[in-house]
Structure formats: structure tokens, C-alpha cells
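Participant: When you get a sec, could you give me coordinates for this:
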Amino acid sequence: MKTLLTGGTVVSMDPAVGDLERGDVLIQDGVIVEVAAHIDAPDAEVIDATDRIVMPGFVDNHRHTWQTAFRGVGADWTFPEWAAAMHGTVKPHYRPEDVYVGTLLGRLEALHSGVTTMLDWYHVAQTPEHEDAAVAALRDAPGRSVFCLGAGWGTPDPVDAAFRRVHSELSGDGLVTMALGLRGADDTGMDILAEELKLAAELGVRTSLHIVSDGTQRPVADLREHGLLRDTTTFVHANGVSDEELRMLADAGSSVSISPDVELKMGFGWPMTGRALAAGLRPTLSVDDVPSAGGDMFSTLRTAFAVQRGLDGGLRSRDLLEFTTIDAARSCGLDARTGSITPGKDADLILLRADDLTVFPVTDPAATVVSAGHPGLVDTVLVAGRVVKRDGVLVDVDLPALRTRLLDSRNRVADAAGIPLDGTWHPHAPTGK
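Facilitator: Below you'll find the model as predicted:
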């Protein structure tokens, strides 16, 4: 099967391919086979990309989709308040069905706004049925997903058996793969962290670890001293980590995922974008959670860009697109398959409306996407060559039924937990750790 995207403005994110003011992209059996100014393919299905920016789909390498039903409730919360609310109050009342519908709607939301690849950082661990529900939701959403399974929040429970079981079930799945969500050494000790890294290496999966420092801690240096830094680990946030420790991450080949909206709102500290670059790291960007922030990468791009430009002015708009496409794909170990419009890679592509009045006229496509892009521009989305959104509408998705299920889930959990849904819920954050 062949598909030809024709007449679009191509932003390839591949220096060897370059950008085309007017270009065509030929796809065969889900794979990009040619990118050129004009392609003759009379036997291909044609998608007219006139007045569209054609670019790689976004890659979000850190999002907790199980929380989708409680969108917006934590906009005013600090991190301790979020932890008390979502993990202390909400999570105990989550059934597998709640995990399923929250994960599915969260993944569809990401697809709808142009995120073709997403790492779902799962920390609502309760039973195998909860895990299976999350996996089923990711499989039912037609996107490329990484199920990042950890043992759960604040528990020393072993993850080995659960991870092996799910990994075995997902073996050979084309679009849903796995990563291991590590717990910090301050939660579990270095021995458990070392065992989880050993498990990940045995199964050939990447790992992800939340990490923040108040300036007195040296979490990265501690890991290095124990021989636990890996080029397969993504460190999430890293606010407050010293320049010396960032260089340690760069030397180890690790990656960093920055969630600027959540970090600024919750009091994590200044996003580390510029300092990571200065240390030799290629930062990546992520949404994190929708109770506190918007779920699209456009707003994430804009926050990260404005914050860092306000500091030193050295960041360029194309850097931001790299962070959210090819760099983020590399952090997930998927850069050979996605992240750029490159012949031989899977066709994970988005078409953005360039004729929309909010961005017209488009003079510099990359700068326009970063400075003025929004989900309303996402006209068409392809994942592995399959059109999953066309003319601004998700394909073969019964959104009214899913909305009803999500509202039922939210209302049931809120009722069981005694949570008001009138905007007055402000959780009490526990004192101390």
C-alpha cells in the first residue's frame, strides 16, 4: 500500500533531508520511502498537504495518563499537595476500569494534539488487572506508546514478577513497547535500584527515573559512585541538580526529560533546559500530568522556550522542535523508527494547518510551530502510515461514549474519596517527607 503526501511544507528534522517549502512524502507499507520536491506515484493514495506543515509527530517521553479524569483540578497545587491528592486520596479508589478509560482518553488526547509517540509512566500500581487495563488502553489507542511500568509510588514492593509478566505479553507488539519506571534510591535504597537496572538490562528495555535536588543532595553523584548511571536512563525533571552532576549524566549518555509547566507551577524550581544544554545534554520535553497542566506539546514548547529565552536568549526555535521529536525519540530508544521524516523510518507524521488565521502567513514554519502552534492546527495524524486523524477528527473513535465513561469514572472515584467537584478541593499536604 502506498500513500503520497503532496504539496506540503516539509519540516523533516533530518539535516540530510532538509526542509522543503513545497514537498512530497511517499509512504509504502507504513514506511517513508522518499522525500522530494515532486514525486510521481500514480498508484498511491493521495493526501493533499497543500497549506499544511508536514513534520514528524511529537514524542512525549513522560506522562501519567491514568490521572486524565481529574484534569485541571490541581492547577493551584504544590507538589506535596498533588502527591497527597492523587496518590493518597484518589489512587486507592481506582479500579481497573478507571485506569483503562483514563489511559485511553489520555492517549487519544495526545494523538489528537499531534503526539504520535508517548511514554506512559504508570504509577497507579495496585493489581495485575490494573496493569492489564493500562496496557489494553494503550493497545486500543492507535498510537506508538511505551508502557513505563514501575512498582508504584512510595512502595518498596518488588516489580520483577509484574514486569516480566507484562513484558512477555507485549513481546512482538509493534506499537506498544515497554520501559521500566525506577524508584529513587532515597525511596528504596541503592540495592533495589541496582536490581531494577539489572532487570531492565536483561530484558533490553530503557528506564526512567524522577529526580529533583534541593541543592544539598547529590543524587546523580550517588548513583555514579555506585556504578548505576546508564545511557539507557531518562532522568525526569532534574531540577536543582548541580552543573557537575549534569555533566555526569552527559558523560554517561543519559537523557533528561523536562516538564516546564508542572515544574514551575509545583515549585520544583527553574526548568533545566539551558543548563542541560550547557552540560552537553540534549534535553527533551514532556507534559507530566493533566490535573496540573495542559496536555499538548505546543504549550509545553512555548513555556520552555519563553523561560529559557528569558534567561540567556541562546535557545532557538528549531532546538525546541528537536527536543520534542528526534531527541525525545532517541531517549525512548526509538530514533531508528521515528522522530524525523527520513526514508526508512516509520511514517509517524502530523499535518498542521498553515492557513489557519492564528498562524497565517507562515514565513518560518519551525518558529511558527513553537511560538504560535496549538492543537487546533492538527489536521491529520499518521502513525506507522495509518491515518488516525483526518480533517481534524480522530478516525473510528466513539468520543461521546468514551466521554460518558470518563465522567462516570471521575464521579464514582470522587464520591468514594469524598472529593468535591465544585472547584473547592484543596488537599492537605503532609508535613515532612
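
Participant: Spit out the contact partners of the residue lying closest to Pro343 once chain neighbours are set aside.
Facilitator: The shortest distance from Pro343 to any non-neighbouring residue, by C-beta to C-beta, 6 or more residues apart in numbering, is to Ile32 (5.3 Å). C-betas here are computed from N, CA, C, even on glycine. Applying C-beta atoms under 8 Å, 6 or more residues apart in numbering, we find Ile32 in contact with Val25, Leu26, Ile341, Thr342, Pro343, Gly344, Lys345, Asp346, Ala347.

Participant: in what helix or strand does Ile32 lie?
Facilitator: strand 31-36 (DSSP states H and E).

Participant: next one: Val135
Facilitator: Going by DSSP H and E, Val135 is in helix 128-140.

Participant: Doesn't Val54 belong to a helix?
Facilitator: No. Membership of Val54 in a helix is not supported by DSSP: H, G, I helix; E, B strand; the rest coil, which gives strand.

Participant: What's opposite it in the beta bridge?
Facilitator: In this entry, Val54 is beta-bridged to Val10, Leu351, by DSSP bridges.

Participant: If you count neighbours, what's buried in stretch 107-126?
Facilitator: For stretch 107-126, a neighbour-count test (16 or more other C-beta atoms under 10 Å) marks 107-125 as buried.

Participant: average pLDDT for it?
Facilitator: The pLDDT scores in stretch 107-126 average 95.

Participant: Just the terminal-to-terminal distance for that stretch.
Facilitator: 21 Å (C-alpha to C-alpha, to the nearest Å).

Participant: ditto for stretch 256-264
Facilitator: End-to-end distance of stretch 256-264 (C-alpha to C-alpha): 16 Å.

Participant: Give me the mean pLDDT for it.
Facilitator: 97.

Participant: Can you name the residues in contact with it?
Facilitator: 61-62, 208, 234-239, 246, 249, 268-273, 276, 281, 283-289, 292-294, 299-300, 303-304, 307, 328, 331.

Participant: Can you select the buried ones from the residues you listed in ChimeraX?
Facilitator: This is how ChimeraX selects the buried members of the contacts of stretch 256-264, with burial counted by 16+ other C-beta under 10 Å:
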select :61,62,208,234,235,236,237,238,239,246,249,268,269,271,272,273,276,281,283,284,285,286,287,288,289,292,293,294,299,300,303,304,307,328,331
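
Participant: Filter the contacts of stretch 256-264 down to the ones in helices?
Facilitator: Leu246, Leu249, Thr273, Ala276, Ser299, Thr300, Thr303, Ala304, Val307, Ala328, Ser331 (DSSP state H).

Participant: ok, the nearest residue to the last one once chain neighbours are set aside - contacts?
Facilitator: Using C-beta to C-beta, 6+ apart and skipping the chain neighbours, the partner closest in space to Ser331 is Ser255 (3.9 Å). If you count contacts by C-beta under 8 Å, 6+ apart, Ser255 has them with Thr233, Thr234, Phe235, Leu249, Leu281, Arg282, Thr284, Asp327, Arg330, Ser331.

Participant: Next, work out how far apart Ser255 and Thr117 are.
Facilitator: Distance of Ser255 to Thr117, given as C-beta to C-beta, to the nearest Å: 14 Å.

Participant: now the strands for the stretch 101-250 of the chain?
Facilitator: In the stretch 101-250 of the chain, the strands defined using DSSP state E, counting those that start in this stretch lie at 115-122, 144-150, 176-182, 206-211, 233-237.

Participant: pretty sure Asp160 is in contact with Ala200, am I right?
Facilitator: No. Contact criterion C-beta atoms under 8 Å: Asp160 and Ala200 do not qualify, at 10.7 Å.

Participant: Pick out whichever of these two has more residues nearby.
Facilitator: Ala200 (22 against 13; other C-beta atoms under 10 Å).

Participant: any idea how far Asp43 is from the residue nearest to Ser331?
Facilitator: 41 Å.

Participant: what's the answer for Asp327, then?
Facilitator: In terms of C-beta to C-beta, Asp327 sits 36 Å off from Asp43.

Participant: The two - which one has more neighbours?
Facilitator: Using other C-beta under 10 Å as the criterion, Asp327 and Asp43 rank with Asp327 on top: 24 against 7.

Participant: so what's the more buried one closest to, chain neighbours aside?
Facilitator: Asp327 sits nearest to Arg282 (C-beta to C-beta, 6+ apart), 4.5 Å away.

Participant: what bits of the protein have low per-residue confidence?
Facilitator: 153-154, 173, 429-433 (pLDDT under 70).

Participant: burial count for Pro361?
Facilitator: 7.

Participant: residue ranges for the strands of the stretch 251-400 of the chain, please.
Facilitator: Using DSSP E, counting those that start in this stretch, strands in the stretch 251-400 of the chain cover 255-258, 284-285, 349-353, 378-383, 386-390, 393-394.

Participant: would you turn these into CSV with distance to Leu193?
Facilitator: Shown next, in CSV, are those (distance: least, C-beta to C-beta, whole Å):
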stretch, distance to Leu193
strand 255-258, 18
strand 284-285, 22
strand 349-353, 37
strand 378-383, 34
strand 386-390, 37
strand 393-394, 39
